[in-house]
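In: Predicted model follows, preceded by the sequence.
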Amino acid sequence: MICADVHNHTIASHGLATVSEMFAAAQAHNLAWYGFSEHSPLPPGYSCPLYKGDLAVTFPAYAAEVMALREQTASPAGGHAGGLAGGKAGSPRVLMGMELDWLPVNMPWMRDVIGHYPFDYIIGGLHFVGEVPVGSPRFWGAEVERAERFARYNAYYDLMRELAASGMVDVVAHPDFIKVCCYDDFQAWLGLPGSTDRIAAVLEAMRATDTAMEVSSAGLRKPFHEPYPGPAIMRLAADLGLTISFGSDAHNTDDTGSHFAELAAYAAAYGFSRSRICVGRERLELNF
Ligand SMILES: [Zn+2]
Ligand SMILES: [Zn+2]
């Protein structure tokens, strides 16, 4: 059983629920650990059409709320042992992470945003390839030719290799999120000679920096019903002995801990039996 969901969002970005509503959902799911990992504020020149407000404005109040809840759920008075002990099922201990947008054109901004709060962990998320927000259907219309799509996949994994090699993050998020608007083309690209090597280079960089690979149930909520990452990448990750981290990437209460039984069975099928969480950026392995 997966007892930690460490990838979650709130109304501070484009989620639909508040910090306390998301926490209540985590309690209802019998989790022992619950991590908030709101998107990082974007640097000047970038904007996400999905975000309701400006994260630079909403983040401080959000972070204060999460830190208060973290303190409350970690204290012995709350029935927990403190230190690195988790909460009891149904009474999760809260962690504060952040999903950092990997934008290597602005390294100082990334360093600054990571250092701004006492995060338990940082998840590196790749949502932009150059100017293209990869999760936006508008950018994957019929006018985008196959050669251009394949070039984007190549560029996506080259960027992800940099992200993994940076050692700046604890987890690389949804390692094939780019399939979200173009599943069939992505599968075709995966079958090309060279694609596997390109992905293997990313996973080897994760291993070299001891960065965990996220296994996310968000893809199970899409029409293609396949976790991030899909089977080919899971096989490579298992062969390399990578560490994994589970998350739902929930943006609403219903998706908190969603499909975790299916997700656990999926990871177990590749031989995984433990997942990682980070407390104060200290790494901890949990059985599932
Ligand atoms: Zn989001
Ligand atoms: Zn996310």
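Out: The structure has been received and is ready for your questions. Ligands and ions are numbered 1, 2, ... in the order given.

In: How is D158 classified with respect to secondary structure?
Out: Judged by DSSP: H, G, I helix; E, B strand; the rest coil, the three-state class of D158 is helix.

In: State the number of residues packed around it.
Out: Using other CB atoms under 10 Å, D158 has 14 neighbouring residues. Backbone N, C-alpha and C define where each C-beta goes, glycine included.

In: That one: what's it in contact with?
Out: D158 makes contact with R198, according to CB atoms under 8 Å, 6 or more residues apart in numbering.

In: Can you tell me the closest non-neighbouring residue to P92?
Out: Closest residue to P92 apart from its sequence neighbours, by CB to CB, 6 or more residues apart in numbering: Y34 at 4.0 Å.

In: Where do the helices of the stretch 51-200 of the chain begin and end?
Out: 55-74, 107-115, 146-166, 183-190, 195-209 (DSSP state H, counting those that start in this stretch).

In: can you tell which of those is closest to E21?
Out: helix 55-74 (11.3 Å; CB to CB).

In: Tell me the residues of the stretch 51-200 of the chain that contact ligand 2?
Out: Residues of the stretch 51-200 of the chain that fall close to ligand 2, judged by CB under 5 Å from the ion: E99.

In: quick revisit: would you mark the buried spots in the host helix or strand of the residue nearest to P92?
Out: Using DSSP states H and E, Y34 sits within strand 33-36. The neighbour-count check on strand 33-36 (16 or more other CB atoms under 10 Å) flags 33-36 as buried.

In: Out of the residues you listed, the closest to R198 would be?
Out: Nearest to R198 among the buried residues of strand 33-36: G35, at 29.6 Å, using CB to CB.

In: thought that closest one was touching M96?
Out: Yes: taking CB atoms under 8 Å as the definition, G35 is a contact partner of M96 at 7.3 Å.

In: Nearest residue to the residue nearest the centre of the chain in space, please, no chain neighbours.
Out: Ranked by distance to the mean C-alpha position of the chain (CA atoms, centre = their mean), the top residue is A173 at 3.4 Å. Nearest residue to A173, sequence neighbours excluded (CB to CB, 6+ apart): G125, at 4.1 Å.

In: thinking again about what came up before, got TSV for the helices of the stretch 51-200 of the chain, with mean pLDDT too?
Out: Shown next, in TSV, are the helices of the stretch 51-200 of the chain (pLDDT from 0 to 100):
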stretch	mean pLDDT
helix 55-74	95
helix 107-115	94
helix 146-166	98
helix 183-190	98
helix 195-209	98
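
In: Go ahead and confirm the residue nearest to the centre of the chain touches A212.
Out: No: if you go by CB under 8 Å, A173 and A212 don't touch, sitting 10.1 Å apart.
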